[in-house]
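Student: predicted model follows, preceded by the sequence.
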Amino acid sequence: MTSLMEKHLTQELRKKYEGVATTNGTTLADIIASGVANPDANVGVYIPDAEALQVFGDLLNPIVVEYHKLGESHQEFRSDLDPSHLTGVGDLDPSGERIATTRIRVARNLANFPLTPGRSLEQRLEIEALDSAAFANLPADLAGTYYSLATMSPEDQADLRERHLLFQEGDAHLEAAGINRDWPHGRGIFLSEGDGYTIFAWVNEEDERFGVITKGGDVRRAFEILTRFLAQLQKNNLEFAFHPRYGYLTSCPTNFGTGMRASVMISLPKLSKGPNFKDLMKSLGLQARGTHGEHSDSVGGTYDVSPSARLGPSEVQIVQTLCDGVTKLLEMEDAEA
């Protein structure tokens, strides 16, 4: 398998970028380090800072365009975080029998800082302090507690990971990119528990991750809570890194755009036995992961189902795709003999 980095990094580009660096000191070697160390990578590049997209644009732009299948018509990213723009979206499973949870999260990075591969310890700690200050000034229905990984007990960490609420040190790809540097300092999690929902924020993970988990299939409610949370954080002086064409910037270009993953944990025991299950998902703009996430198997026909697109559609369009597709899947599941 050839990564997109290997495909697009010609000898001419290697020569062109000799001795070239961004203001933050990012070089070609930094961008491709993970892909070089991990030949199994699909993409093979990480972005240490926003300026790299301009300085190393002849390499990075073709990779982004090919991965996200962007046409010439896509010259401007348009965000839409207004839940009122959803059509016919409510509780997808009023009985509560087939959808266990809904989870919507977005990846972000703070503006005026390098992205995670290019951050120093001092910058990670400064970002942690800015995030913590924003979390401390939330209205009552969003308020919660911030926990630093540097001081959290192993028992508490294990409990949160068991509940799929806490990240752990990254894999070999993130290690080679420099994202694990200074672990666990500057990392932490914000948690807010409400009536049937949990708000979470991961600080200095692969990116900043802000999300909501709700019980059952009320996708609209989850989206409404998340958009209120994001708006309040921005009101509390968190500004997110943004590119006019590629949207919200993330360390891995696969998450460019909305940075959103919207999913439901859904039981499809009959449909999933069919030989064309993956093709059906693809036709609906969806992808199915196993019960315990990516690269895991399904347990009892239960899958983590989400739209596959990140850059191109808006946030509202991604949530709409999820709801329309899941509604169709449930109808087809009911129709199975």
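Tutor: Everything's here; your move.
Student: which residue, other than its chain neighbours, is closest to residue 168?
Tutor: Leaving aside its chain neighbours, residue 168 sits nearest to residue 161 (6.4 Å; criterion: C-beta to C-beta, 6 or more residues apart in numbering). Every residue, glycine included, has its C-beta placed from N, CA and C.
Student: can you point out the buried residues in the host helix or strand of that neighbour?
Tutor: Residue 161 belongs to helix 154-162 when elements are defined using DSSP states H and E. Within helix 154-162, the residues that qualify as buried are 157, 160, counting by 16 or more other C-beta atoms under 10 Å.
Student: CA atoms of that helix as PDB?
Tutor: Coordinates of each C-alpha in helix 154-162 appear next as PDB, following Å, rounded to 0.1, in the frame of the first residue of the first chain:
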ATOM      1  CA  PRO A 154      -4.700   5.400  37.800                       C
ATOM      2  CA  GLU A 155      -7.900   4.100  39.200                       C
ATOM      3  CA  ASP A 156      -9.900   7.200  38.000                       C
ATOM      4  CA  GLN A 157      -8.300   7.000  34.600                       C
ATOM      5  CA  ALA A 158      -9.200   3.300  34.200                       C
ATOM      6  CA  ASP A 159     -12.800   4.000  35.200                       C
ATOM      7  CA  LEU A 160     -13.100   6.800  32.700                       C
ATOM      8  CA  ARG A 161     -11.600   4.800  29.900                       C
ATOM      9  CA  GLU A 162     -13.900   1.900  30.700                       C
END
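Student: what packs against that helix?
Tutor: Applying 3 or more C-beta pairs under 8 Å, 6 or more residues apart in numbering; DSSP states H and E, we find helix 154-162 packed against no helix or strand.
Student: can you name the next helix or strand after that helix?
Tutor: Heading C-terminal from helix 154-162 (DSSP H and E), you reach helix 172-177.
Student: list the buried residues in that following helix.
Tutor: Buried-residue list, helix 172-177, by 16+ other C-beta under 10 Å: 173, 174, 175, 176, 177.
Student: for this structure, what's the longest strand?
Tutor: Ranked by number of residues, the top strand in the chain under DSSP state E is strand 99-108.
Student: quick one: that strand to chain centroid distance?
Tutor: With C-alpha atoms, centre = their mean, to the nearest Å as the basis, strand 99-108 stands 10 Å off its chain's centre.
Student: could I get the average pLDDT for the next helix or strand after that strand?
Tutor: Next in sequence after strand 99-108, counting helices and strands by DSSP H and E, comes helix 121-135. Over the span of helix 121-135, the pLDDT mean works out to 98.
Student: so how far is stretch 195-214 off the chain centroid?
Tutor: The answer for stretch 195-214 is 10 Å, by C-alpha atoms, centre = their mean.
Student: show me the helices in the stretch 151-300 of the chain, by range?
Tutor: Along the stretch 151-300 of the chain, counting by DSSP state H, counting those that start in this stretch, helices occupy 154-162, 172-177, 219-235, 277-283.
Student: residue 206 contacts residue 187, correct?
Tutor: No - using C-beta atoms under 8 Å, residue 206 is not in contact with residue 187; the gap is 10.8 Å.
Student: any residues in contact with both of these two?
Tutor: residue 167 (C-beta atoms under 8 Å, 6 or more residues apart in numbering).
Student: where do the strands sit along the stretch 1-150 of the chain?
Tutor: Secondary structure of the stretch 1-150 of the chain by DSSP state E, counting those that start in this stretch: the strands cover 99-108, 145-148.
Student: do you know which of the ones you listed lies nearest residue 313?
Tutor: For the strands of the stretch 1-150 of the chain, proximity to residue 313 was assessed by C-beta to C-beta; strand 99-108 is nearest, at 13.6 Å.
Student: got a list of what residue 310 touches?
Tutor: 68, 254, 255, 256, 257, 258, 259, 260, 261, 318.
Student: so which of those residues wins on neighbours?
Tutor: Neighbour counts for these (other C-beta atoms under 10 Å) peak at residue 257, which has 29 neighbours.
Student: quick one: pLDDT of it?
Tutor: For residue 257, pLDDT reads 95.
Student: for the residue nearest to it when sequence neighbours are not counted, give me phi and psi.
Tutor: Using C-beta to C-beta, 6+ apart and skipping residues adjacent in sequence, the residue nearest residue 257 is residue 311, 2.8 Å away. In terms of degrees, to the nearest 10, the main-chain angles of residue 311 are phi -120, psi 130.
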